[in-house]
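>>> Quick check, what structure comes out for this input:
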Amino acid sequence: MEQASLIDDFEPAPNQAPAPNNGNGRPAGARNRKHRALEAAARSRALPLLSKVITAAENGDMTAAKIIFDRIWPKPRTAPIQCELPKTETPADVRAAMLEVIQRVSRGELTADDGASLVAMMRDVLDAHSVKVLAADDDDAANIGDVREIFAKRLGRIIEARALPADDDDD
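Here you go, the predicted structure:
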């Protein structure tokens, strides 16, 4: 006895729309019956409930007032910091400005969080100043044959420059 094909049973009828999500569960954004019923009940009672919360807030209920104000004026994620800072063109200027911010925090002119944010930004500026670009000098530009030689020559100059003040102190 030959088996009948089961494929015909699973193919949609010609007038039937294909299943949403390719037959893989509920479509995106769809809600179950319980959730739709709760949402409908909440919508039908929202205005009377809102008027009760407003009345309670008007009568001095601070929890009700907090509910209302949190919805009307939510707390900003970060508030702008208003603070006069000196010019910070050099790393020394940035360090001086960092000390000034710390002094303002200790005097209570700035909050600790605001001071920490400003100092962190200034630290980023200092990090940016510490990054140096190896640019070719005029004497190096003629002999760019090997980058390692240029790097070794510059590194030698830096080591010699740092070693000179220490040698002068011994004399």
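>>> Mind jotting down where the helices sit in the protein?
Under the criterion DSSP state H, the chain carries helices at the ranges 7-10, 33-58, 62-72, 91-107, 112-130, 138-142, 147-170.
>>> Same question for the second one: list its buried residues.
Neighbour-count burial for helix 33-58 flags V53, A56, A57 (criterion: 16 or more other Cβ atoms under 10 Å). From N, CA and C alone the C-beta is placed, and that goes for glycine too.
>>> Could I get those residues in CSV, plus columns for pLDDT and distance to I158?
Putting the buried residues of helix 33-58 into CSV (pLDDT from 0 to 100; distance: Cβ to Cβ, whole Å) gives the following:
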residue, pLDDT, distance to I158
V53, 90, 69
A56, 94, 72
A57, 93, 68
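>>> can you list the domain ranges for this structure.
Residue ranges for the domains of the chain, per automatic domain parsing: 34-72, 91-130, 138-170.
>>> Can you name the residues in contact with stretch 52-61?
Here stretch 52-61 makes contact (Cβ atoms under 8 Å, 6 or more residues apart in numbering) with A64, A65, I67, I68.
>>> per-residue pLDDT, the first one?
Spelled out, it's A64. If you check A64, the pLDDT there is 91.
>>> Around it, how many other residues sit close by?
Neighbours of A64 under the rule other Cβ atoms under 10 Å: 17.
>>> before we move on, back to that, Throw the domains of the chain into TSV and include distance to C83, thanks.
TSV is the format used below for the domains of the chain (distance: least, Cβ to Cβ, whole Å):
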stretch	distance to C83
domain 34-72	27
domain 91-130	6
domain 138-170	37
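>>> Of those, flag the one that's most buried.
domain 91-130 (a mean of 14; mean count of other Cβ atoms under 10 Å).
>>> And that one, end to end?
Taking Cα to Cα, to the nearest Å, the first and last residues of domain 91-130 lie 8 Å apart.
>>> re earlier: and the contacts of stretch 52-61, which is closest to R43?
Ranking the contacts of stretch 52-61 by separation from R43, with Cβ to Cβ as the measure, puts I67 on top at 18.1 Å.
>>> With distance to R123 added, can I get the buried residues of helix 33-58 in JSON lines?
Shown next, in JSON lines, are the buried residues of helix 33-58 (distance: Cβ to Cβ, whole Å):
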{"residue": "V53", "distance to R123": "46"}
{"residue": "A56", "distance to R123": "48"}
{"residue": "A57", "distance to R123": "44"}
